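1. sequence isn't available, so here's the structure alone:
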């Protein structure tokens, strides 16, 4: 499954079942259910697939005599199917149903509601059960809400509606939010006798708009927003009716109300075996391609040897974008590359031999902006600063709290985001400092003794003409603070002058001379902040700022921000003079052959040891021995303190060492760490312990 694009994050055995935690991408709503995963496995394992076809006797008057359905807005609801089940007994679900829901984190409510949840997770089609007796006039209409209408949803919240929200209404009032949640007034309760089962297909954009407007996200809206199967509505209602008869009794009314208000033009394509193999770069067996297409529901028809005409199955409709198709065409043509990718994910990437594509022509000239950025990054990394990458969008209040380099000549305007992820990310940043400061505070709160970080990135200022793109200058921001070094390495507190030296060193590497002028700046301590100036055309201008941040808890933080243009106002001219740096040149980090080891995702366990030893023992000797004797899962150690004084024998010293244990595959227990630490302690005391 993981190799086919459905990443299995973990598996777990529970009560004889094996649970798969599968990460499904947003373009695959068909796989957001057990049957969808089963379809994938049937193709991957070449096993038959079977949908449990419901079969039950229908009795009494027909569903159409019990309720009528009208779709007033066909652009928002293309199909609405309903079934009636009479004489049900609402109660507790049987053990198998409760266990199935509990295994995926759902609590049992009652036998009818549990069935609708079960079918949703089984098939991917959201369902809703209503108390038939509470539907006024025996009529339902799918329509836009009227301005001022209100509905109390199943979560007990009364919600104000407007025409952007789709509702299911009876003859008197709305009884449900289309594609989101049912209404409290029509819910199934212990006194319910007759049920109406709803299975519909709503417009995904309309559901997304309503969900965001009302601040609601449900299992149903999650699927409708991504697109459901138009052809499966009736089958899901039949499946739910059959299960309700099994767990709650009753008699199904004859037939179903099934109103179609819209249709989708079928999407078709053509897959040629030779082009597929050329696209993938491997020889995929032709028989396997035909089998995979059939198993995935593409109904392949072999029009000639090595070619198939295919139809996109209804459950994959939104996953295959059509080409430009005339409005009067009977069907829509899809891109062949989409089919190639579908076959490649089943074939797998491992059998494809990695090769570099042949590139003709001369290399493009080096981009001076990219060269400048690389040189800045290399210099600051060599100076001991770690690079960070922050979000380009931030909270408007954080943005306003910091000064903005070089923008004092005209009024500043933020660039708001039309569709922000949250209130914290409402505008594009005008300074790199808010993100850098937040990263530093994050590390301080987690025990970092010191921080030295930087970022090179763009900031955004609204243009004078609202129709123009924002101004996007590049900035360099640095931040440091805390205590670096150990008692063996002459520890020092990072301060204003450490940061000032780093900024000056960076400027000197470009042949730029900076001057500093005391200034009062927002977010900085008065008297410990300054503007940075550089001469351009014989006149000095403000190109940056530097200072101590105000109101910091723990150790102070010192921050600076500099306009990248101050280092290289004319990048093209600099490069023309031969200023470009090749990999391996001084000040540039050559990343060839660099190996990166990902940290463990499990928490570590810390331990400390205070060792009394002779003053003649060097930290170098202790460090070498710890590395030699290191027990399993010891990932880090370091010097904490050296103490001489009361309680320590003459000629001896107490050295406190910090250890961190961390496993890659699990969380270590305290007993495991204690056992390993005890063995290491005995070995170190045997070698270096005080024997005076």
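-> Looks like it arrived, so ask away. Everything numeric here is computed off the predicted structure, so don't read it as measured data.
2. so where do the helices sit in the stretch 501-650 of the chain?
-> Remark: helices assigned in the stretch 501-650 of the chain by DSSP state H, counting those that start in this stretch are 571-576, 619-629.
3. ok, longest helix in the protein?
-> helix 670-688 (DSSP state H).
4. any idea how far it is from the chain center?
-> Computed by Cα atoms, centre = their mean, to the nearest Å, the chain-centroid distance of helix 670-688 equals 41 Å.
5. need the contact partners of it.
-> 605, 607, 609, 611, 613-614, 617, 621-622, 625-626, 629-634, 659, 661 (Cβ atoms under 8 Å, 6 or more residues apart in numbering). Bear in mind the C-beta positions are built from the backbone N, C-alpha and C, glycine included.
6. from these, list the buried ones, please.
-> Using 16 or more other Cβ atoms under 10 Å as the burial test, the contacts of helix 670-688 include 605, 607, 609, 611, 613, 617, 622, 625-626, 631, 633-634, 659, 661 as buried.
7. out of those, the closest to residue 313 would be?
-> Among those, residue 633 lies closest to residue 313 (Cβ to Cβ), at 48.8 Å.
8. so the closest one touches residue 661, yeah?
-> Yes: in this structure, residue 633 is within contact of residue 661 by Cβ atoms under 8 Å, at 4.9 Å.
9. overlap in contacts of those two?
-> By Cβ under 8 Å, 6+ apart, the residues touching both residue 633 and residue 661 are 668, 676.
10. can you map out the strands along the stretch 151-300 of the chain?
-> For the stretch 151-300 of the chain, the strands defined by DSSP state E, counting those that start in this stretch cover 158-160, 166-169, 174-177, 181-182, 195-202, 251-254, 257-260, 267-272.
11. so which of those strands comes closest to residue 564?
-> strand 267-272 (47.7 Å).
12. state the mean pLDDT of stretch 380-391.
-> For stretch 380-391, the mean pLDDT works out to 94.
13. just the residues contacting that stretch, thanks.
-> Against stretch 380-391 from outside (Cβ under 8 Å, 6+ apart): 377, 425, 429, 432, 435-436, 438-439, 452-457, 476, 478, 480, 502, 505-506, 587, 589.
14. hmm, 6 Å instead?
-> Residues outside stretch 380-391 that contact it (Cβ atoms under 6 Å, 6 or more residues apart in numbering): 435, 439, 452, 453, 454, 455, 502, 589.
15. which among these end up buried?
-> Buried among the contacts of stretch 380-391 by 16+ other Cβ under 10 Å: 435, 439, 452, 453, 454, 455, 502.
16. what's around the closest residue to residue 291 other than its chain neighbours, how many residues?
-> Excluding the flanking residues, the one nearest residue 291 by Cβ to Cβ, 6 or more residues apart in numbering is residue 46, at 7.1 Å. Neighbours of residue 46 under the rule other Cβ atoms under 10 Å: 11.
17. can you give me phi and psi for residue 46?
-> When read as degrees, to the nearest 10, the backbone of residue 46 gives phi 60, psi 50.
18. how close does it get to residue 311?
-> 22 Å (Cβ to Cβ, to the nearest Å).
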